[in-house]
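In: Sequence plus the predicted model coming up.
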Amino acid sequence: MTHPPEEMNPDCAMPPAAPALSADKKILLIVYASQTGRTARLAQAVADGARAQQEIGVQVHCCQAPDATLDTLLAAHALVLATPENFGYMAGLLKDFLDRTYTPAQGRCQGLPYAIVVSAGNDGRGAMAAIERIAIGYGWRSISPALRVVGEPDAAALAQASELGAALASGLACGVF
């Protein structure tokens, strides 16, 4: 699958295959969709914040939604879903990931801690609500209020995303979630 150049970031990529499991490491999976690069920058900031905590036993895997698979989802100990707001909804590519994994994941990822990042042109609430409804069907549990960024992500928004990543990694390492 070919992605626009602004989407390709070697620090926020993984092969489509499932991450290698490590008995001593927890896996934080970040799945994102982005067309303009805004959401990709936010996902990268989440990944960077989490990676800063890697010495505490957390592996960070960040991938674009078309590359995320059932295996990557099932290997995760926590999940971040990042999407732009498209017509008041999540990106179609993120919805596709959720559609592809929903039925085969049933009963296999109950209680998975998750967080949402929305890059919005309007208010992002429709995208957030849609993801939250789907997460209920998966049986996931929200561990953070959604990070909603309206407009171009500025330094403060990127810092919030980084803090979210650091908090998720620390919580995983400490067994909080």
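Out: Yep, that arrived.

In: Got the phi and psi for R125?
Out: For R125, the backbone dihedrals (degrees, to the nearest 10) come out as phi -70, psi -30.

In: Tell me, how many residues neighbour it?
Out: Using other Cβ atoms under 10 Å, R125 has 14 other residues around it. Every C-beta, even on glycine, is put in place using the N, C-alpha and C of the backbone.

In: Okay, it and G88: tell me how far apart.
Out: 8 Å (Cβ to Cβ, to the nearest Å).

In: who does A115 bridge with?
Out: Beta bridges link A115 to V80, judged by DSSP bridges.

In: Any regions of this protein where pLDDT drops low?
Out: Scanning the chain with the threshold set as pLDDT under 70 gives 1-23.

In: again, only using 50
Out: Within the chain, the ranges that satisfy pLDDT under 50 run 1-19, 21.

In: residue boundaries of the strands in the chain?
Out: 26-32, 58-64, 78-84, 113-120, 141-142, 147-150 (DSSP state E).

In: Parallel or antiparallel, list what pairs with the fifth one.
Out: Pointing back at strand 141-142 there. strand 113-120 (parallel).

In: Could you pick out the longest helix of the chain?
Out: helix 155-174 (DSSP state H).

In: so how far is that helix from its chain's centroid?
Out: 12 Å (Cα atoms, centre = their mean, to the nearest Å).

In: Residues in contact with it: which ones?
Out: Helix 155-174 is contacted from outside by 26, 28, 30, 41-43, 45-54, 56-58, 60, 77-78, 80, 113, 115, 117, 143-144, 147, 149, 153, 176-177, using Cβ atoms under 8 Å, 6 or more residues apart in numbering.

In: Buried ones only from these, please, as a PyMOL command.
Out: Buried residues among the contacts of helix 155-174 (16 or more other Cβ atoms under 10 Å), as a PyMOL selection:
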select buried, resi 26+28+30+41+42+43+45+46+47+48+49+50+51+53+58+60+77+78+80+113+115+117+143+144+147+149+153+177
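
In: Contacts only, for R141.
Out: Contacts of R141 (Cβ under 8 Å, 6+ apart): G111, L112, P113, Y114, F177.

In: The residues you listed into a markdown table, with extra columns for distance to F97?
Out: Shown next, in a markdown table, are those (distance: Cβ to Cβ, whole Å):
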| residue | distance to F97 |
| --- | --- |
| G111 | 19 |
| L112 | 14 |
| P113 | 18 |
| Y114 | 13 |
| F177 | 21 |
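
In: out of these, who's nearest T72?
Out: Nearest to T72 among those: L112, at 12.3 Å, using Cβ to Cβ.

In: Just confirm the closest one contacts L79, I think it does.
Out: Yes: in this structure, L112 is within contact of L79 by Cβ atoms under 8 Å, at 5.8 Å.
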